[in-house]
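# dropping a prediction and its sequence here:
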Amino acid sequence: MKIGIADTTFARIDMGRIATEEIRKHASVGIERYVVPGIKDLPVACKKLIEERGCDLVMALGMPGGAAKDKVCAHEASQGLILCQLMTNRHIIEVFVHEDEAKDAKELAWLMEQRTREHAVNAVRLALRPKDLEKLAGTGQRQGFEDVGPARP
Ligand SMILES: Cc1nc2c(=O)[nH]c(=O)nc-2n(C[C@H](O)[C@H](O)[C@H](O)CO)c1C
């Protein structure tokens, strides 16, 4: 089993390092890393991680900026990542933290780390322990900020 990690130099936190560290806490798997300049470069990095470097699942980590043009970029990158999943029949866990989700740099750093760690656990579950995800179905999980919990009538 091999998990790929694709991340960017645009991000203001080293999301790839954090993801690697968290995966290693939960599973003994091979890890392949591929760093690109920005989020629009992630889809082909993911495809190469799957097709050329034998990854079974990939995490795509990135930080869209707060400007309107960054949001367009994020949408385009997401579409590329979805297409890549369909082309390769492999999961790509998209971990995007929009810069304007946080009120300041300190909260941004915290959120990027937290979301990356929680999705790294999801990646391990998806790859190795899918029954663990089944147990969490419908429980209102969120990655980063607090879980919202299940809705009750
Ligand atoms: C406008 C813009 N915004 C972002 C962003 O918010 N986050 C990010 O990671 N990268 C951005 N980029 C860079 C592109 O994703 C890409 O790296 C370049 O267009 C080179 O292919 C661009 C060009």
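Great, that's in hand.

# confirm Arg117 sits in a helix?
Yes. Under DSSP: H, G, I helix; E, B strand; the rest coil, Arg117 falls within a helix.

# could you find the closest non-adjacent residue to it?
Spatially, and ignoring its direct neighbours in sequence, Arg117 is nearest to Glu22 (4.5 Å; CB to CB, 6 or more residues apart in numbering). The C-beta positions use only the backbone N, C-alpha and C, and glycine is treated the same way.

# now do Trp110
Distances taken as CB to CB, 6+ apart put Ala102 closest to Trp110, at 7.7 Å, once the chain neighbours are dropped.

# assign the residue nearest to the spatial centre of the chain to helix, strand or coil.
Closest residue to the average C-alpha location of the chain: Val95 at 2.8 Å, with CA atoms, centre = their mean. Assigned with three-state DSSP, Val95 falls in the strand class.

# cool, and Arg142?
For Arg142, the assignment made with three-state DSSP gives coil.

# correct me if wrong: it contacts Asn122.
No. Assessed by CB atoms under 8 Å, Arg142 is found out of contact with Asn122, at 11.4 Å.

# between the two, which one's more packed in?
For Arg142 versus Asn122, neighbours defined as other CB atoms under 10 Å are more numerous around Asn122 (19 against 11).

# for Ser78, give me phi and psi.
Backbone torsions of Ser78, given as degrees, to the nearest 10, read phi -60, psi -40.

# please tell me I have it right and it contacts Glu94.
Yes. Using CB under 8 Å, Ser78 is in contact with Glu94, at 6.3 Å.

# number of residues surrounding Leu42?
Using other CB under 10 Å, Leu42 is surrounded by 27 other residues.

# ok, now which ones touch it?
With contacts defined as CB atoms under 8 Å, 6 or more residues apart in numbering, the neighbours of Leu42 are Ala6, Thr8, Val36, Ala60, Gly62, Ala77, Gly80, Leu81.

# which strand or helix spans the first one?
Secondary structure here is read from DSSP states H and E; on that basis Ala6 sits in strand 2-8.
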